Each structure stands twice: as C-alpha cells, then as structure tokens.
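# Sequence first, then the predicted structure, then my questions.
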Amino acid sequence: MPQLPAPDYPADVRARLEADAAEIVARYPDSRSALLPLLHLVQSEEGHVTRTGMQFCADVLGLTTAEVTAVATFYTMYRRKPSGDYQVGVCTNTLCAVMGGDAIFDELKQHLGVGNDETTEDGKITLEHIECNAACDFAPVVMVNWEFFDNQTPESAKRLVDDLRAGVPVEPTRGAPLCTYKETARILAGFPDERPGAVEASGGAGPASLIGLRLAKGEAPQRRVVHPRAGGPQDEGSHADPQDEAAAEHLSSHDAPQQTSASDPAHPAGPTAEEGE
C-alpha cells in the first residue's frame, strides 16, 4: 500500500521550527545548502529524523521528500528511529580495536542487554560501534553524544553508562559538558550553546596528533612523542618545551606510563612488558 503523507507538526511547534529554520537558511547564499543543519534541527525536536521532519525540510527548502531522504539516509549522525538520551559510540576502528575497543563494545552489549544500534528499555542509552573519531592518540575512545571519553577500559565504560542511566553527572575527558542528544542536535544545527561555561570548555588533541600541525607552522618538533618509561634514560641535551609540558597534562594512551582513564584510577595502564624483561 502507498505510504500516507507524513503528519504535520502541531501548529505551535511548526511556527517555532519555521522561525529557527529561517535563521538557518539566511546563513547560506543557496538555500539548499541549509539542508544538513535543518536535519539536525528537526532531529533536536523528536530525537531522530522522522517523516514529518523530512517533509518539513522539503517544504522549507522547496525540495522533494526524496531529495531530503537521500541526504538523511546517507549520514549516520541522523537517526532514523527513536534513540536514547545518550548516544554511546564505541570506536572499533583499527587502532581503538587493538587497544581494547572491541572488548569494550562486547562488554557493553552484554552489560546493557542490547546489540549494535539498539536502545535500552529505559530509553537512556543507544549503543553503537562507530568508525574513527580522529582521536587515535587517546585510544580506545568512547563518545557520548559526540563528546570524548578517552583511554577507556571495559570497567570504566560500564561505570560510565551506569552513571548515565542513573542520572549521575559525568564529565567528558575534554570539550564541552555533556548534554542530551536532542540538545546536541540543536547545537549541531548551528545554535549557540547557552549553558554557563560550555563554550569556554576546551581540550585538544594529544602530542602525537599535533606533530604535523607544528611542522606546518615551522615549529621545531618535539624530540620524543612517546614519553620515556619511568626511570629510563632521557635524550641527551634535550630541553623541555613549554608546549610539551602543557600537552603532558593530558597524555595519550601511547604516552606510557599513565592511568588508563581519569574515571578509572584503579586500572593503570603501564607499558607492556617486553620479552626478556
């Protein structure tokens, strides 16, 4: 049977979304370019991109629903079915996988009782495995609503989702404070994050990720990316770089020895013993 037309938003919701959509469209010389942020906008309303949301985007931009659907189904950041307040993504790409990402993902599936792209019965957590987060120097990485939780272990990841389900405040390793998936979608639509201190919160990549940038700027590269093991010999004649010292405040999982996660002090991840040691 042919699918019935998508139901419209209630009048007050549509009026509010139309005002927001007009602000988004005004940013672009070609209105069609506003489709991606508009999809984030309708996702912020219902937590996923519904047929009603896609019809709204089509109406605003003068597109067909087929054109909107083609875009909404291409990008994985647009959810096509109801999802949880917290999108928990475990990186299972190569480096995170070998550093423990596969183990974390398997443990979370069993712990939460859900599979990939499934949501817990309480509607709090949607679990999925995701591709590279461009945070390989902090592997294995878990993201919650696109905020980083670095250097995770199965135990720290399970505590993380338990805290989220219990309403216990959690803090990302770096970046803005955590908010719900709907709130995240509105920010991705291009609207300011008005929470106190959210914009000022920051955190960058680790030393290993920044070498190329420093070379491009003509800066002298640091002598050693992986910090020497405790008690090991230092490079002769090396001098501490203030930028290196600042970066060392948040070392990567490859800058051993260090704790596995700020949220998991009981599980230090020192260097692996080599043959003969």
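Received, thanks.

# Can you show me the helices along this protein?
11-25, 35-46, 51-61, 65-72, 94-96, 102-112, 154-166, 181-188, 207-216, 242-247 (DSSP state H).

# How far off centre is the shortest one?
Here helix 94-96 shows a centroid-to-chain-centroid distance of 16 Å under the convention CA atoms, centre = their mean, to the nearest Å.

# So which bits of that helix are buried?
Leu95, Cys96 (16 or more other CB atoms under 10 Å). C-betas here are computed from N, CA, C, even on glycine.

# try the longest one
For helix 11-25, the neighbour count (16+ other CB under 10 Å) marks Leu17, Asp20, Ala21, Ile24, Val25 as buried.

# which strands and helices sit next to it?
helix 35-46, helix 51-61 (3 or more CB pairs under 8 Å, 6 or more residues apart in numbering; DSSP states H and E).

# Distance from it to the middle of the chain?
27 Å.

# Just the angle for that helix relative to helix 51-61, thanks.
50 degrees (axes from the mean of the first three to the mean of the last three CA atoms, to 10 degrees).

# rewinding a little: just send the buried residues of helix 11-25 back as CSV, with distance to Glu183 and pLDDT too.
Converted to CSV, the buried residues of helix 11-25 look like this (distance: CB to CB, whole Å; pLDDT from 0 to 100):
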residue, distance to Glu183, pLDDT
Leu17, 16, 96
Asp20, 14, 96
Ala21, 18, 96
Ile24, 17, 96
Val25, 22, 95
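
# quick one on the thing from earlier: dump the helices of the chain to a markdown table, plus distance to Asn133.
Output for these, formatted as a markdown table (distance: least, CB to CB, whole Å):
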| stretch | distance to Asn133 |
| --- | --- |
| helix 11-25 | 26 |
| helix 35-46 | 19 |
| helix 51-61 | 26 |
| helix 65-72 | 22 |
| helix 94-96 | 8 |
| helix 102-112 | 13 |
| helix 154-166 | 14 |
| helix 181-188 | 15 |
| helix 207-216 | 12 |
| helix 242-247 | 19 |
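
# With Ala208 as the reference, measure out to the closest residue to Ser209 other than its chain neighbours.
Leaving aside its chain neighbours, Ser209 sits nearest to Asp137 (5.0 Å; criterion: CB to CB, 6 or more residues apart in numbering). Remark: distance between Asp137 and Ala208 (CB to CB, to the nearest Å) = 4 Å.

# Tell me which two in the buried residues of helix 11-25 are the farthest apart.
Leu17 and Val25 (12.0 Å; CB to CB).

# Contact partners for Leu108?
Val88, Val90, Leu127, Pro154, Ala157, Lys158, Val161 (CB atoms under 8 Å, 6 or more residues apart in numbering).

# Check whether the fifth one really touches Val142, as I assumed.
Yes - here Ala157 reaches Val142: they are 5.5 Å apart, a contact under CB atoms under 8 Å.

# what's the overlap in contacts for the two?
What both Ala157 and Val142 touch, as defined by CB under 8 Å, 6+ apart, is the set Val90, Ile104, Phe149.

# No further queries at this time; thank you.
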